[in-house]
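> Provided below for reference: sequence and predicted model.
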Amino acid sequence: MPIRDLALALIVVLAWGFNFVVIKWGLVGVPPLLLATLRFAATVFPAIFFLRRPNLPWKYLLGYGLTWGVCHFAFLFSAMANGMPAGLASVVLQSQAFFTLIFAAVWLKESWKSSQLIGLFVAGIGLWLIGSSHGQSMTLLGFMMTLCGAAGWAMGNIVMKQCAKQGFQFSVPAFMVWTSIAPMFVFALLSLTIEGPAHISSALASFTLQSTLAVLYLAFIATLLGTSLWNILLKRHPSNRVAPFSLLVPWVGLSAAAILLGESLLAQQWWGAALLMSGLLLNLFGGNLVQRWVNRRQVA
């Protein structure tokens, strides 16, 4: 990978890893559903006036917006507002890779490799270790909500896979902006219904510079910049060269949370995180390693 593209990959890793600390900062004085509303509103406006709607059927725009946008972030933001540490959230959210495998098998009839099954089993043990540590530095509610957020992200991946199967070509920034319309309205309605007008008015009346910067970061850096650069890299290089960089995101998230929020993990949580990431490594590289071993045996 050229130095330029390597730098772009590292920018994405930093933007997405630091994202979890920013969410924690944004939740200070702002309820989670209102924060999500503002995040998607900032993603839509004013960009929608300059980016033409992607040449995609509305069912894909709405499908991605309601899965990746609403399901993913409703649970993630609520989880972090209810006792899920930022560092651990960055780790547990990576379980989306395994939810994607499960959903793809059910809805797209994709088959699994043995290495993926082993990776799923190893990651499952890791998630069990993390989940069973609740009540010490993490709530069980926060952990379960983060898993639900990962499932929402995975459902968005299935929508994207369907788009790829249909052969649609579209601008990624425009796609992100137009798929943010539905989440903006849904979150506004959810915030009004669940959090209530009084809570919303109080949060907006005491809106701080920290809250403003958090919303701008979530909209422009994490969503538009990070996602656009990631998809540019996927277009330029094989996915097996780009995907491994996503494994660095949780370590940036853990480091940033430790330095900026003073978070620390228990030994059991470290072991769980290590097993989860090992499962992801097996998922990414296990098939290639098995094939190389088979080829060597055949040559010998």
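The structure has been received and is ready for your questions.
> ok, Ile181 - how many residues close by?
19 (other C-beta atoms under 10 Å). To be clear about C-beta, it is placed using only N, CA and C from the backbone, and glycine gets the same treatment.
> where does the protein dip in pLDDT?
136, 238-240, 287-300 (pLDDT under 70).
> which residues in the stretch 151-300 of the chain form strands?
Counting by DSSP state E, counting those that start in this stretch, the stretch 151-300 of the chain forms no strands at all.
> for Val28, which three-state class applies?
Secondary structure, DSSP: H, G, I helix; E, B strand; the rest coil: Val28 is coil.
> hang on, I meant Glu110
Relying on three-state DSSP, one would call Glu110 coil.
> which SSE is the residue lying closest to it once chain neighbours are set aside in?
Nearest non-adjacent residue to Glu110, counting by C-beta to C-beta, 6 or more residues apart in numbering: Ala104, 4.2 Å away. For Ala104, the element it lies in under DSSP states H and E is helix 96-107.
> on contacts alone, who are the packing partners of that helix?
helix 114-131, helix 140-166, helix 267-299 (3 or more C-beta pairs under 8 Å, 6 or more residues apart in numbering; DSSP states H and E).
> got those as CSV, with mean neighbour count columns?
Output for the helices and strands packed on helix 96-107, formatted as CSV (neighbours: other C-beta atoms under 10 Å):
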stretch, mean neighbour count
helix 114-131, 18
helix 140-166, 19
helix 267-299, 16
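> Ala79 is nearest to which of those helices?
The minimum distance between Ala79 and the helices and strands packed on helix 96-107 falls on helix 140-166, with 3.5 Å, by C-beta to C-beta.
> how far off helix 96-107 does the closest one point, in degrees?
60 degrees (axes from the mean of the first three to the mean of the last three C-alpha atoms, to 10 degrees).
> okay, angle between helix 140-166 and helix 114-131 too, please.
Going by the same axes, to 10 degrees, helix 140-166 makes 150 degrees with helix 114-131.
> what's helix 140-166 packed up against?
helix 58-64, helix 73-81, helix 86-92, helix 96-107, helix 114-131.
> contacting residues around the longest one?
Meaning helix 114-131. 88, 91-92, 95, 98, 101, 138, 140, 143-144, 147, 268-269, 271-283, 286-287, 289-290 (C-beta atoms under 8 Å, 6 or more residues apart in numbering).
> still on that earlier bit, hmm, Trp112 and the residue nearest to Glu110 touching each other?
No - Ala104 lies out of contact with Trp112 (C-beta atoms under 8 Å); the separation is 9.0 Å.
> in terms of packing, which of those two has more residues around it?
Shown here are Ala104 and Trp112; by other C-beta under 10 Å, Ala104 has more neighbours (17 against 14).
> list the contacts of that one.
Counting by C-beta under 8 Å, 6+ apart, Ala104 has contacts 110, 158, 161.
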